[in-house]
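S.K.: Fold the following and give me the result.
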Amino acid sequence: LTALEGIEGPSARHHALKDVKTFFNWCVPRYLTASPCVGIKSEPQPTRSRVLMDEEIKILWHAVDGTFGTIFKLLLLTGQRRSEIGRLRAEYIRGDDITLPAALVKNKREHSFALGPVAKALLPKVAEGYLFTGVRSGGPYDQYKGHLKAVQKVTGITDFTLHDLRRTFSTKMAELGVPIHVTEKILNHVSGTHSGVQAIYNRYSYAKEMREAILLYEAHIAKVVELGR
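M.R.: The predicted structure is shown next:
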């Protein structure tokens, strides 16, 4: 409990406790007779509803730079998770598409999505390995917290997280008239409209519809941030 209380932020504490419980559950009965986490409950997690407005998107787009800026823009343009974009490898890129291996994806299912021209142009020219690396570690980029705080301080837009970009993506897609099942395929949701019996019997990839939606959305973002002006 003392270690958990030392972690800043309820979400971070929640995920830390979840990981610790998983570890100790694995230890039973191999090395322990009972988990020391029994009885420790995670604090209630608030449901976020934050969506960035167009003016905020414009300000942030032009404020971010460097590796963090590229990741930020790709998160906004693709709707994928931070862990997926931040750990992109050159091997995952195939022309105008990215295919994430099951091991990298939250639901453990291989996931492919289209890249629009703006997103593709942002990708670093790396022949192999991680596209975004940490300055000190040489592994995947790991300086989100510091760079996010710096951008929030510069712009004055402080009440958002990187995961809110995913919600923003979904909301903007709806505003543009993209069918929800297409958006969920891009987001790689398996518990929404494409689940249950629907997921079992409908094996259509929606690749064409997903690409069209990405191009429509990217054109909207390009207009919002005034690319080319």
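S.K.: Please enumerate the strands of the protein.
M.R.: All strands of the chain, identified by DSSP state E, fall at 93-94, 97-100, 111-114.
S.K.: Of these, which stretch is the most buried?
M.R.: Of all the strands of the chain, strand 111-114 has the most neighbours on average by mean count of other C-beta atoms under 10 Å, namely a mean of 20. Where you see a C-beta, it was placed from the backbone N, CA and C, and this is true even at glycine.
S.K.: hang on, the earlier thing: would you mind saying which of the strands of the chain lies nearest V20?
M.R.: Nearest to V20 among these is strand 97-100 (26.8 Å), distances taken as C-beta to C-beta.
S.K.: Output the closest one as CSV, nothing but the C-alphas.
M.R.: In CSV, the C-alpha atoms belonging to strand 97-100 read as follows (Å, rounded to 0.1, in the frame of the first residue of the first chain):
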residue,chain,number,x,y,z
ASP,A,97,-0.5,0.7,-44.3
ILE,A,98,0.7,-0.3,-40.9
THR,A,99,0.2,-3.8,-39.5
LEU,A,100,0.7,-4.1,-35.7
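S.K.: Quick check: pLDDT value at the most centrally placed residue in the chain.
M.R.: Nearest to the mean C-alpha position of the chain, by C-alpha atoms, centre = their mean, lies R81 at 1.3 Å. In this model, R81 is scored at 95, pLDDT.
S.K.: can you offset everything so residue one is 21?
M.R.: All right, first residue 21 from here; so that's R101.
S.K.: out of the strands of the chain, which comes closest to L24?
M.R.: Closest approach to L24 among the strands of the chain is made by strand 117-120 (30.9 Å; C-beta to C-beta).
S.K.: thinking A139 is in contact with G99, fair?
M.R.: No. Using C-beta atoms under 8 Å, A139 is not in contact with G99, being 10.5 Å away.
S.K.: quick one, which of those two is more surrounded?
M.R.: Shown here are A139 and G99; by other C-beta atoms under 10 Å, G99 has more neighbours (24 against 21).
S.K.: between the strands of the chain, which one is nearest to G149?
M.R.: strand 113-114 (12.0 Å).
S.K.: ok, back up a step: dump the strands of the chain to TSV, plus distance to L52 and mean pLDDT.
M.R.: Converted to TSV, the strands of the chain look like this (distance: least, C-beta to C-beta, whole Å; pLDDT from 0 to 100):
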stretch	distance to L52	mean pLDDT
strand 113-114	44	95
strand 117-120	35	96
strand 131-134	36	95
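S.K.: Now tabulate those strands in TSV and tack on distance to H34.
M.R.: Shown next, in TSV, are these (distance: least, C-beta to C-beta, whole Å):
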stretch	distance to H34
strand 113-114	33
strand 117-120	25
strand 131-134	25
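S.K.: Looking at these, which is nearest to R70?
M.R.: For those, proximity to R70 was assessed by C-beta to C-beta; strand 131-134 is nearest, at 22.9 Å.
S.K.: which strands and helices sit next to that closest one?
M.R.: For strand 131-134, the packing partners by 3 or more C-beta pairs under 8 Å, 6 or more residues apart in numbering; DSSP states H and E come out as strand 117-120, helix 227-244.
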